[in-house]
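Q: Okay, sequence plus prediction incoming.
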Amino acid sequence: MAIYARMVLRAAVTAVFLFAAFTKLRNPHVFAHFGYSDAFGIFIGIAEVCGSIGLWIPKVARWAAGGLAIIMAGAIYTHLHIGEPRQGVVPVLVLFALTRLIAQK
């Protein structure tokens with residue numbers, strides 16, 4: 001049963017990151033609102049796609065989850081720094097899900 005729960009969690013996290021990544025890759029200029037460059041938005045989008053793929057490769061899944069966790073920590077910081085704490089709720093939840101993926105055996 002735990003195997004299925006982990007697969008569902010991994011699929012949900014993958015869906016969240018792929019949706020976010022493609023949004024960033026289509027519109028990298030939305031990062032200007034946060035004070036970041038378009039290039040940074042593209043970099044984060046590519047990193048999210050790579051991390052999402054990595055979650056499904058057993059040998060690198062923990063590393064991928066760790067990298068995505070760093071991105072989420074940055075998102076939380078950014079939302080708090082610019083005064084949008086409510087926007088940081090989803091990154092906190094995703095970060096928690098990633099910690100569950102990192103901790104699994």
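A: In hand now; what should we look at?

Q: from here on, contacts and neighbour counts on C-alpha atoms
A: Noted.

Q: Give me the next element, helix or strand, following the top helix by length along the chain.
A: Using DSSP state H, we find that the single longest helix of the chain is helix 2-26. Per DSSP states H and E, the first helix or strand lying C-terminal to helix 2-26 is helix 38-54.

Q: hmm, who's touching that next one?
A: With contact meaning Cα atoms under 8 Å, 6 or more residues apart in numbering, helix 38-54 is reached by 13-14, 17-18, 20-25, 28-32, 60-61, 63-65, 67-68, 71.

Q: hmm, 7 Å instead?
A: 14, 17-18, 21-22, 24-25, 28-29, 31-32, 60-61, 64-65, 67-68 (Cα atoms under 7 Å, 6 or more residues apart in numbering).

Q: Among those, name the buried ones.
A: 14, 17-18, 21-22, 24-25, 28-29, 31, 61, 64-65, 67-68 (16 or more other Cα atoms under 10 Å).
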